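Engineer: missing the sequence, but the structure's below:
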């Protein structure tokens with residue numbers, strides 16, 4: 001079992017071991033549950049702090065055992081509490097603990113896998129619209145990779161958000177394979193974002209994020225698939 005965070009309790013001391021972030025995966029899409037103001041103790045894999053929704057989703061995504069996660073409410077510019085679980089949680093889950101402002105999210109791809117396996121899908125508790133999640137991502141997307149992140153601290157790892165892109169505001173456009181697109185961004189000064197068109201193998205890079213330009217954050221659903229990839233910050 002691959003864990004994003006291992007917790008070792010020694011007396012009252014908690015040691016947190018964080019392995020390096022995994023490479024790009026294609027299942028970061030998340031669905032927000034109607035469950036709120038609760039965290040859960042059952043099937044808990046790990047607990048950590050993150051700057052944003054998409055960073056919490058990335059931690060869950062890179063743990064193959066993680067199915068859903070809770071995220072605490074925003075409090076100024078401080079970190080948020082992210083908890084990953086190995087099984088779906090819901091309003092009546094055993095071990096629910098009140099935490100005002102906390103929200104529950106499921107990884108979209110794994111939720112769909114569960115549905116195809118005819119397990120509990122919690123359809124009544126899972127939003128079918130991506131708009132609310134997209135809006136929150138646009139508002140909270142990896143604060144540390146905006147202009148506040150020094151170029152020297154930009155990492156080689158990306159976090160993916162499927163079916164989205166930034167309208168215009170690009171450093172370059174060109175034909176490229178996926179691997180070449182990633183390499184191009186890593187080799188271009190101050191490139192923080194890459195966008196990839198799958199059907200025509202087309203690539204774009206940008207030095208801005210949706211946090212800076214929320215009005216230019218667009219969905220590509222209903223047209224050619226374009227995925228958005230944002231570099232991590234040290």
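Structural biologist: All right, it came through fine. Since we're looking at a predicted model, the values are computed, not measured.
Engineer: What segments of the protein are strands?
Structural biologist: 6-10, 13-17, 30-40, 44-50, 68-71, 80-85, 96-107, 154-161, 164-166, 172-175, 193-197, 202-206, 217-219, 226-233 (DSSP state E).
Engineer: which of those strands sits most buried?
Structural biologist: Highest mean neighbour count among the strands of the chain (mean count of other CB atoms under 10 Å): strand 68-71, with a mean of 26. Every C-beta, even on glycine, is put in place using the N, C-alpha and C of the backbone.
Engineer: Report the mean per-residue pLDDT for it.
Structural biologist: Averaged over strand 68-71, pLDDT sits at 90.
Engineer: Residues in contact with that strand: which ones?
Structural biologist: 33, 38-40, 50, 53, 56-57, 59-60, 80-85, 87-89, 99, 102-107 (CB atoms under 8 Å, 6 or more residues apart in numbering).
Engineer: 7 Å instead?
Structural biologist: Residues outside strand 68-71 that contact it (CB atoms under 7 Å, 6 or more residues apart in numbering): 39-40, 53, 56, 60, 80, 82-85, 88-89, 102-107.
Engineer: between the strands of the chain, which one is nearest to residue 182?
Structural biologist: The closest of those to residue 182 is strand 193-197. By CB to CB, the value is 6.3 Å.
Engineer: name the helices or strands packed onto the closest one?
Structural biologist: Under the contact criterion of 3 or more CB pairs under 7 Å, 6 or more residues apart in numbering; DSSP states H and E, strand 193-197 touches strand 164-166, helix 178-187, strand 202-206, strand 226-233.
Engineer: in the second one, what counts as buried?
Structural biologist: By neighbour count with 16 or more other CB atoms under 10 Å, helix 178-187 contains the buried residues 181, 182, 184, 185.
Engineer: With respect to residue 204, which of the residues you listed is nearest?
Structural biologist: residue 181 (8.3 Å).
Engineer: got a list of what the closest one touches?
Structural biologist: Residue 181 sits next to 194, 196, 203 when contact means CB under 7 Å, 6+ apart.
Engineer: Need the helices and strands packed on strand 193-197 in JSON lines (columns: mean pLDDT and distance to residue 72).
Structural biologist: As requested, these are exported to JSON lines (pLDDT from 0 to 100; distance: least, CB to CB, whole Å):
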{"stretch": "strand 164-166", "mean pLDDT": "84", "distance to residue 72": "24"}
{"stretch": "helix 178-187", "mean pLDDT": "93", "distance to residue 72": "31"}
{"stretch": "strand 202-206", "mean pLDDT": "93", "distance to residue 72": "30"}
{"stretch": "strand 226-233", "mean pLDDT": "83", "distance to residue 72": "21"}
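Engineer: Save those as a markdown table, and put in distance to residue 153 too.
Structural biologist: Shown next, in a markdown table, are these (distance: least, CB to CB, whole Å):
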| stretch | distance to residue 153 |
| --- | --- |
| strand 164-166 | 21 |
| helix 178-187 | 14 |
| strand 202-206 | 18 |
| strand 226-233 | 5 |
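Engineer: Minimum distance to residue 65: which of these has it?
Structural biologist: Of all the helices and strands packed on strand 193-197, strand 226-233 sits nearest to residue 65, with 21.5 Å by CB to CB.
Engineer: Low-confidence ranges, the chain, go.
Structural biologist: 1-30, 108-148, 222 (pLDDT under 70).
Engineer: If you tally nearby residues, what's the number for the nearest residue to residue 200 once chain neighbours are set aside?
Structural biologist: Nearest residue to residue 200, sequence neighbours excluded (CB to CB, 6 or more residues apart in numbering): residue 224, at 7.0 Å. Neighbours of residue 224 under the rule other CB atoms under 10 Å: 10.
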